[in-house]
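Trainee: take a look and give me a structure for this.
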Amino acid sequence: MKAALATLLIPVATLAIGVQAGHAASPVQHDRPNILLIMADDLGYTDLGSYGSEIATPNLDTLADTGVKMTQFYASPFCSPTRAMLMSGTDNHLAGFGDMAELMLPEQRGKPGYEGYLNERVVPMAQVLRDAGYRTLMTGKWHLGVPEQYSPAARGFDQSYALVHGGSSHWSDGAGIVAADPAKPPKAIYRENGKETTLPKDFFSSDFFTSRLIEYIDAGKGSGKPFFAYLAFTAPHWPLHAHDADIARYEQRYKDGYDKLRRERLERMKKLGLVAADTPVFEGHPLWPKWDSLSAAEKESEARRMAVYAAMVDNMDQNIGRMLDYLKKTGQLDNTFIFFLSDNGADGNSVYDVARTREWIHKDMDNSIAHIGKSGSYAEYGPGWAQVGSTPFRMFKSFMYEGGIAVPAIAWGPGVKGGKLESAMAHVTDIAPTLFELAGAKHPGTEYQGRPVLPLRGASMLPLLQGRGQAVHGADKAIGWELGGRKALRKGDWKIVSANQPWGTGDWELFNVAQDRSESRNLAAANPQKLGEMLVAWRDYVRETGTLEIPNLANRPGYSNGAKYYEDLKYEATLVPRTAKP
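Mentor: A predicted model of the protein is given here:
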């Protein structure tokens with residue numbers, strides 16, 4: 001790993017914007033490694049250069065090239081369920097997020113595992129690591145409970161600056177993302193160490209979260225304790241916001257549209273060994289229009305949206321470079337284990353369809369083309385670009401097809417076998433046991449502070465990452481997913497998926513993902529015996545996790561069943577800029 005560490009220091013010092021070249025400080029010695037856990041929000045599988053993207057991500061690419069780049073790592077198809085599994089090491093239906101808190105129906109809410117906050121049946125990762133002698137720090141998106149009693153400060157973090165909602169403006173205006181009443185603009189809630197706080201005037205999400213986490217780490221570097229730092233970016237989650245200078249680098253890049261970009265990314269993926277040369281590509285659901293059918297104004301608006309999205313990813317990578325440079329200069333980098341992932345696939349859905357958000361955006365926001373990305377705009381980038389971000393997989397966020405749950409994941413640090421492309425299957429619940437093993441921490445099992453708690457469901461990835469093992473899970477291990485009535489289960493090379501029409505068949509589909517990762521061939525009719533075996537495993541999963549199977553739940557109106565993105569695009573592409581806001 002020392003060679004990999006030496007390799008990393010050159011690109012970080014020379015490529016990261018804002019990073020100054022120089023000698024590292026004397027190493028800060030701890031018996032155990034520091035841990036830096038980094039999560040992106042709604043980042044697509046192919047949105048990093050090391051996974052096929054044209055977006056400049058040199059710092060993450062260097063971590064991927066000198067660490068372990070995972071190709072079959074899975075999350076949930078939505079943000080808070082993934083975060084619940086990350087923090088608990090168990091299934092989201094057990095940890096409190098059997099569904100999105102914002103979308104739960106009366107027959108779900110309050111049932112065991114459907115509390116809408118990280119419940120008391122789990123011992124959060126930060127608590128286990130704090131008990132083991134780590135300083136525990138976090139900045140960014142929490143989304144695991146809004147009130148103070150469910151904040152990071154109450155769930156094991158010594159210091160935290162957290163957005164407790166699912167999203168917000170990336171600028172200091174602090175606008176929320178869902179409006180129940182267009183006359184009452186929503187505001188996001190941020191908490192520092194549990195207490196509600198006001199954003200500084202120069203706030204931009206990725207910049208601020210990185211700077212504040214560096215401050216937290218720096219304040220305790222003389223404590224003699226290793227740190228666990230969780231950097232939970234809200235980028236590149238909508239609304240799309242970025243610095244003008246970052247947007248400028250991509251202004252001309254996306255004018256040729258979805259199909260050309262998909263082909264370019266696919267070719268890079270092939271050269272990187274991420275996909276086979278004959279891999280079929282899912283080019284988008286037939287419900288959505290093709291690029292050539294859009295008007296000139298619609299194409300211009302779409303190109304601007306993708307440019308802002310790319311700028312957000314670029315800026316996130318710049319900030320990761322700042323973090324790496326700080327750790328290098330303070331002598332802490334060589335003893336820091338880093339794990340990076342996205343919380344779900346690229347997002348092609350529309351929040352406009354939730355409550356009365358569309359009315360609020362049309363009333364208060366300026367989504368004229370030149371203003372997209374600035375404070376006072378509120379734009380998404382839609383299914384066309386999201387499907388490119390999922391190349392070559394099927395669908396995107398909110399779906400159980402690979403495009404919704406397969407995410408980029410990178411491990412780097414002491415003991416990690418560098419320069420490895422790893423195809424073994426792993427899951428977000430595996431992160432907690434991995435970090436515990438790395439830290440010499442022990443999960444309490446089934447009892448904590450006199451109350452019963454849930455054991456871990458995940459398994460440590462450390463043997464795999466260190467080159468001591470070939471797999472995290474055996475071929476007979478079944479991993480299930482359910483959210484909003486959509487379902488999936490993977491066991492070995494086989495996977496079953498259930499999605500409502502028109503997105504799926506409305507029934508169980510069967511795929512061999514080893515041969516058909518883009519899920520282009522439904523084998524359910526041809527292999528009923530295998531389908532039956534998988535359904536037995538599914539019923540076991542439902543019983544073990546307390547998953548509620550509610551008829552017709554997948555068809556609920558709104559966010560992931562809306563189909564009005566291109567109607568909104570047509571309207572917004574013709575908007576005249578409003579008077580500039582202060």
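Trainee: residues in contact with the spatially closest residue to N512 that is not a sequence neighbour?
Mentor: Residue nearest to N512 in three dimensions, not counting chain neighbours: D493, with 5.6 Å by Cβ to Cβ, 6 or more residues apart in numbering. Bear in mind the C-beta positions are built from the backbone N, C-alpha and C, glycine included. Taking Cβ atoms under 8 Å, 6 or more residues apart in numbering, we find D493 in contact with A475, N512, V513, A514, Q515.
Trainee: would you turn those residues into TSV with neighbour count, distance to A235 and pLDDT?
Mentor: Shown next, in TSV, are the contacts of D493 (neighbours: other Cβ atoms under 10 Å; distance: Cβ to Cβ, whole Å; pLDDT from 0 to 100):
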residue	neighbour count	distance to A235	pLDDT
A475	10	37	93
N512	16	35	98
V513	17	29	97
A514	12	33	96
Q515	10	35	95
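Trainee: and which of those is nearest R468?
Mentor: Compare each of the contacts of D493 with R468 using Cβ to Cβ and the shortest gap goes to A475, at 19.0 Å.
Trainee: I'd like the distance between that closest one and K491.
Mentor: 8 Å (Cβ to Cβ, to the nearest Å).
Trainee: ditto for D314
Mentor: Taking Cβ to Cβ as the criterion, D314 is separated from K491 by 38 Å.
Trainee: what residue ranges in this structure score low on pLDDT?
Mentor: Of all residues in the chain, those with pLDDT under 70 make up the ranges 1-30, 579-582.
Trainee: just give me the longest helix of it.
Mentor: In the chain, with assignment by DSSP state H, the single longest helix is helix 296-329.
Trainee: other SSEs contacting it?
Mentor: helix 2-15, strand 34-40, helix 58-66, helix 205-219, helix 244-248, helix 382-389, helix 565-572 (3 or more Cβ pairs under 8 Å, 6 or more residues apart in numbering; DSSP states H and E).
Trainee: CA atoms of the fifth one as PDB?
Mentor: Written as PDB, here are the backbone C-alpha positions of helix 244-248 (Å, rounded to 0.1, in the frame of the first residue of the first chain):
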ATOM      1  CA  ASP A 244     -20.100  30.000 -12.500                       C
ATOM      2  CA  ALA A 245     -16.400  29.100 -13.000                       C
ATOM      3  CA  ASP A 246     -17.200  25.400 -12.700                       C
ATOM      4  CA  ILE A 247     -20.200  25.600 -15.000                       C
ATOM      5  CA  ALA A 248     -18.100  27.500 -17.600                       C
END
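Trainee: and the contacts of that helix?
Mentor: A307, V308, A311, M312, D314, N315, G373, K374.
Trainee: secondary structure class for A229?
Mentor: Under DSSP: H, G, I helix; E, B strand; the rest coil, the three-state class of A229 is strand.
Trainee: burial count for the residue nearest to it when sequence neighbours are not counted?
Mentor: Spatially, and ignoring its direct neighbours in sequence, A229 is nearest to L137 (4.7 Å; Cβ to Cβ, 6+ apart). Neighbourhood size, L137 [other Cβ atoms under 10 Å]: 26.
Trainee: from L324, how far out is L137?
Mentor: Using Cβ to Cβ, L137 is found at 16 Å from L324.
Trainee: how about H93?
Mentor: 36 Å.
Trainee: cool, and Y216?
Mentor: According to Cβ to Cβ, Y216 stands 16 Å off from L324.
Trainee: so W481 is in which element?
Mentor: If you go by DSSP states H and E, W481 is part of strand 478-483.
Trainee: and the helices in the stretch 1-150 of the chain?
Mentor: 2-15, 58-66, 79-88, 92-95, 125-131 (DSSP state H, counting those that start in this stretch).
Trainee: excluding chain neighbours, what is closest to M534?
Mentor: In space, M534 is closest to I496, 4.5 Å off (Cβ to Cβ, 6+ apart).
Trainee: how about the secondary structure of that neighbour?
Mentor: Under three-state DSSP, I496 comes out as strand.
Trainee: E509 against V497, yeah?
Mentor: Yes. In this structure E509 lies within contact range of V497 using Cβ atoms under 8 Å: 5.0 Å.
Trainee: just give the number of residues close to the residue nearest to H143 when sequence neighbours are not counted.
Mentor: Nearest non-adjacent residue to H143, counting by Cβ to Cβ, 6+ apart: S80, 4.4 Å away. Applying other Cβ under 10 Å, we find 27 residues neighbouring S80.
Trainee: what sits against S80?
Mentor: Contact partners of S80, counting by Cβ under 8 Å, 6+ apart, are F97, M100, A101, H143, L144, G166.
Trainee: next: K270.
Mentor: Per Cβ under 8 Å, 6+ apart, neighbours of K270: A276, A277, T279.
Trainee: coming back round to it: which one's more surrounded, Y216 and L324?
Mentor: L324 (26 against 21).
Trainee: relative to Y51, how far out is D493?
Mentor: In terms of Cβ to Cβ, D493 sits 22 Å off from Y51.
Trainee: burial of the residue nearest to Q387 when sequence neighbours are not counted, as a residue count?
Mentor: Nearest non-adjacent residue to Q387, counting by Cβ to Cβ, 6+ apart: G284, 4.5 Å away. Using other Cβ under 10 Å, G284 has 23 neighbouring residues.
Trainee: so G284, which state does it fall into?
Mentor: G284 ends up coil, using three-state DSSP.
Trainee: residue contacts, it?
Mentor: Residues counted as contacts of G284 (Cβ under 8 Å, 6+ apart) are Y258, K290, P383, G384, Q387.
Trainee: how close does the second one get to E302?
Mentor: By that I understand K290. 12 Å.
Trainee: for those two, indicate the residue with more neighbours.
Mentor: Neighbour count, other Cβ under 10 Å: between K290 and E302, E302 has more, with 24 against 13.
Trainee: how about the strands in the stretch 401-550 of the chain?
Mentor: Using DSSP state E, counting those that start in this stretch, the strands of the stretch 401-550 of the chain run over 406-412, 420-422, 426-427, 447-448, 451-452, 478-483, 486-491, 494-498, 508-512.
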